[in-house]
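# sequence and predicted model, in that order:
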Amino acid sequence: MAGVGVSTSILVCPERVPPGESLHNVFKTWYDRGVSIRPAVQAMLGGMPEPSDLHAGEVTGQVYIAVGSTVLYSYAAGDSGMRSLAAVTLPGMGFTGRRVAQVLGISEEYVSMLRARARREGSGGLARRRGRPPTVSAGDVAKARAWRAGGLSDTAIGARLGVHATTVARTLAGVPRPNAVAGQATLGDPGAPEPPETGPAATEAEAAPARATESEPEPAESEPAEGGPVAGFVGSARVGTGTFPSRYAGAMLLLGYLHRVGAQALFGTLTGGPARRYGDLAVLTTVTLGFALGVDTVEGTKHLRRADAGAAVGLSAIPQMATLRARLSALADGSDPLALQRGFAAGMLATDPATDPVYFVDDHFVAYSGARPVAKGWNTRRRHAEPGIDDTLLTDARGRAVVFASGEPTGLVSTLPGVLTQLREVLGPDAPVLLGFDRGGAYPKAFRACRDAGADWVTYRRAPLAAVTATPRRSWTVRDGKRVYLMLADETVAIKGYGDARQLSLYEHGKLVLQVLTSDLTATGASLLCWLRSRWRIENVFKYAAAHNGIDTLADYVMNIGPDTRKVPNPARIAARKTVAAAEAELIAAQRSMPQLFAGPGTPKTMNAALPGIHKRIDTATAALAEAKTALAPIPAKVRATDLDPDALRARPRIERRGLQMVLRLLAFNAEAWLAQHLDAYLGDPNEFRATTRNLLHLGGHVAYTPTAITVTLHRPDSPRIARALHLLTDELNNTPARIPGDPRPLTYQVTGP
């Protein structure tokens, strides 16, 4: 900032003023002794002017601020930065904020605000640039000057700063260019910002700058040999070497789970076309950790710090939102999400087998509030029908997601066979299975589907409750190390459309409370009833995953709209049934008229005279009823919607895109559950261990990338007990080193501090 007439140093007395001594004499004494007095003070020594002598004036576009006849500041009239600097320094010279505000023509509040801003941000905070911020900051300009002096080309400098080469050339106009041009630095340089987005998923919107820097696509995704050199990574955004700060370093703790379930091999089965900057493994890993960090949608990744999140997944910066969505959509369109989920489930159960052969299944309705003609389903939370889609999720007894299915709203009875088929592919044909579900699936069709899949089932009996013929007896089981006693009546009943089943009737205080139906004939009644009560675990999964992993959010805005070929109730049959009902009511009324006649007050003669009319009415009603039933018989109960309205349309969401996101959301959910379980082994807090784990995922730290290893240094938590548990957890994880998908270097975790 040019134009200062004298120094703008703030007045600071070098010695304490003696009591009763004139301030002017003190200054003269200091001056005679050679004490250093700042120039602004020296300008005021001649006569020590009063604060009222501070004044300002303007001459030919220059503003002068003076004390008496001594000029302190001189600057252009439009230089608000110099005015702000004067407003900050003048109060330090002894002038009141009110006088300074009067002289400068600003408010006292603004003077106070400027002084506070100077304390926080220094002089840079006094001259804020208005309008659109510059593409290249002042600090980056200095770096660019040094890099050009070192021989880097504008393209290389632009890659470091994340701007185009033409922007660099425009910024460095007039800076001499050396004759020799050095090669580009590696992207792993810790001092280099991430290069610009150039992948095909940013697609045609960024095609021009992309083609200017990259001419050939990257090779297909492949896994380098473990312990080998850090070369050949797919995608130019891969980190080579360097140390990077990351506020999401704690999320790297989840990579231990991803490594154990074989995420790299399973992600490698998907392909979204050739990758330039971001490989498929990098895209899928980024989205998974984003969901674990609480991002509800892919669009929510724009709220993550790209460089910090990139350091957690081995990238210089994660893809921008547009790139991420386009790449993820391309991967989903050519994949089978259900097969991918089965692969993750098999890997999970292989590394950490379920201790009990109990599984729970239920439907989860996801509402759609748009204007497209989406099929309607029953929303149990709002207790009414509305447009949406339906997810069927199957979990194990520990609340881990195993398999799922997505589609139009139908019901558990319709979706259960497909889910059981997937479960059998994961477990094998002979593994024992006890499937628990709610009353919504308590139908013979669901029971037969379980029998066909070789699985036992247990569910609540739908109302009304059946009569009990067995004598209630006490049954017990062990839960959490304690015996649980229940009063149950155990008997065998026949279910129409299925066959014989076991019925358990629960009594409390001598009254029948509920009844349970099951095909399991070996387990104790108390064990089966306790397992069925544990069905709330799947409800907790829905609640938790919806709140923290976004399973209720819309995955894609594109839908396929075509003719509505679904079956709908036939209005003609509804009308015919009403005709039959009216004919039946008329026949009943005609038949009742005869006993009413005989019970009436009439004489025998009048009764005999009325009988022929009553017989005729009965015959007519009988004939009308027979005719109505004959007309009803050939009318179908349901017809296609297009048969009633040729223009009827129906929107069908792209289930494959939602399916892939659902896989990644459930992967993030299972990874967090796995990490929370291992943390609680050292923390011992069954009430808050999940919340503590979520907070640890946002723990900051540094990630050091070397040619042979990756070291994650986490900041030490403030709580001593959490810090101790985290230390022990990292020691456990280090015993089986994990790897970032697509990176062969092993991960090592450590925590700062003692």
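Sure thing, it's come through. Numbering: from 1, shown residues only.
# for the helix or strand hosting residue 664, what is the average pLDDT?
For residue 664, the enclosing helix or strand under DSSP states H and E is helix 655-683. Helix 655-683 shows a mean pLDDT of 94.
# tell me the buried residues in that helix?
Using 16 or more other Cβ atoms under 10 Å as the test for burial, helix 655-683 gives 655-676, 678-680, 682-683. The C-beta positions use only the backbone N, C-alpha and C, and glycine is treated the same way.
# from the chain's centre, how far out does that helix sit?
Remark: helix 655-683 is offset 11 Å from the chain centroid, using Cα atoms, centre = their mean, to the nearest Å.
# any idea how far the residue of the chain most remote from its centre is from residue 687?
Farthest-out residue of the chain from its mean C-alpha position, per Cα atoms, centre = their mean: residue 605, at 87.0 Å. According to Cβ to Cβ, to the nearest Å, residue 605 and residue 687 sit 89 Å apart.
# on that earlier part again, quick check: what element follows the helix holding residue 664 along the chain?
Following helix 655-683 in sequence, per DSSP H and E, is helix 689-697.
# do me a favour and average the pLDDT over that following helix.
Here the average pLDDT along helix 689-697 is 94.
# counting by contacts, list what the next helix or strand after it packs against.
Once the chain leaves helix 689-697, the next helix or strand it forms, by DSSP H and E, is strand 701-705. Judged by 3 or more Cβ pairs under 8 Å, 6 or more residues apart in numbering; DSSP states H and E, strand 701-705 is in contact with strand 242-246, strand 710-714.
# and the helix holding residue 664 with helix 689-697, angle?
100 degrees (axes from the mean of the first three to the mean of the last three Cα atoms, to 10 degrees).
# ok now the helix or strand containing residue 612, how far from the chain's centre?
Using DSSP H and E, the element containing residue 612 is helix 604-632. Its chain's C-alpha centre and that of helix 604-632 lie 70 Å apart, by Cα atoms, centre = their mean.
# and that helix, what does it pack onto?
Partner elements for helix 604-632 (3+ Cβ pairs under 8 Å, 6+ apart): helix 571-598.
# buried sites along the helix or strand hosting residue 527?
Using DSSP H and E, residue 527 maps to helix 525-533. Buried residues in helix 525-533, counted by 16+ other Cβ under 10 Å: 525-529, 531-532.
# ok now it, how far from the chain's centre?
Centre-to-centre, helix 525-533 and its host chain are 34 Å apart (Cα atoms, centre = their mean).
# list the helices and strands that helix packs on?
Using 3+ Cβ pairs under 8 Å, 6+ apart, the elements in contact with helix 525-533 are strand 434-437, strand 456-460, strand 473-479, strand 482-495, strand 499-508, strand 511-518.
# which residues touch residue 396?
349, 354, 356, 358-360, 402 (Cβ atoms under 8 Å, 6 or more residues apart in numbering).
# in PyMOL, how would I select the buried members of the residues you listed?
Here is the PyMOL command that selects the buried residues among the contacts of residue 396 (16+ other Cβ under 10 Å):
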select buried, resi 349+354+358+359+360+402
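# what's the farthest-apart pair in the contacts of residue 396?
349 and 360 (15.3 Å; Cβ to Cβ).
# so what touches stretch 719-728?
So stretch 719-728 is contacted by 679, 682-683, 692, 696, 714, 716-717, 751, 753 (Cβ under 8 Å, 6+ apart).
# whoops, stretch 417-425 was the one
Counting by Cβ under 8 Å, 6+ apart, 338, 341-342, 359, 361, 392, 394, 402-405, 433, 435, 449-450, 452-455 sit against stretch 417-425.
# and what of stretch 643-650?
By Cβ under 8 Å, 6+ apart, stretch 643-650 touches 373-375, 561-566, 568, 571, 641-642.
# which of those residues ranks first by neighbour count?
In terms of neighbours by other Cβ atoms under 10 Å, these top out with residue 374 at 22 neighbours.
# quick check on the residue nearest to that residue when sequence neighbours are not counted: phi, psi?
Closest residue to residue 374 apart from its sequence neighbours, by Cβ to Cβ, 6 or more residues apart in numbering: residue 387 at 3.9 Å. Backbone torsions of residue 387, given as degrees, to the nearest 10, read phi -60, psi 150.
# residue 387 contacts residue 367, doesn't it?
Yes - assessed by Cβ atoms under 8 Å, residue 387 is found in contact with residue 367 at 7.2 Å.
# name the residue in those two with the higher neighbour count.
Legend: neighbour count by other Cβ under 10 Å for residue 387 and residue 367, higher for residue 387 (18 against 15).
# ok, what's across the strand from the more buried one?
residue 376 (DSSP bridges).
# from residue 379, how far out is it?
10 Å.
# give me the common contacts of these two.
Joint contacts of residue 387 and residue 379 (Cβ under 8 Å, 6+ apart) are residue 367.
# what's the closest of the helices and strands packed on helix 525-533 to residue 279?
strand 434-437 (39.3 Å).
# partner strands of that closest one and their direction?
Here strand 434-437 is paired, per DSSP bridges, with strand 358-367 (parallel), strand 456-460 (parallel).
# now the angle between strand 511-518 and the last one, please.
Between the direction of strand 456-460 and that of strand 511-518, the angle (the same axes, to 10 degrees) works out to 150 degrees.
# what lies in contact with strand 456-460?
432-439, 441-442, 446-447, 450, 514-520, 528, 531-532.
# now the stretch 51-200 of the chain, which segments are flagged as low pLDDT?
Residues of the stretch 51-200 of the chain meeting the criterion pLDDT under 70: 51-52, 127-133, 179-200.
# could I get the full set of helices for it?
80-92, 97-104, 108-121, 138-149, 154-161, 165-171 (DSSP state H, counting those that start in this stretch).
# single out the most deeply packed of the ones you listed.
Highest mean neighbour count among the helices of the stretch 51-200 of the chain (mean count of other Cβ atoms under 10 Å): helix 154-161, with a mean of 23.
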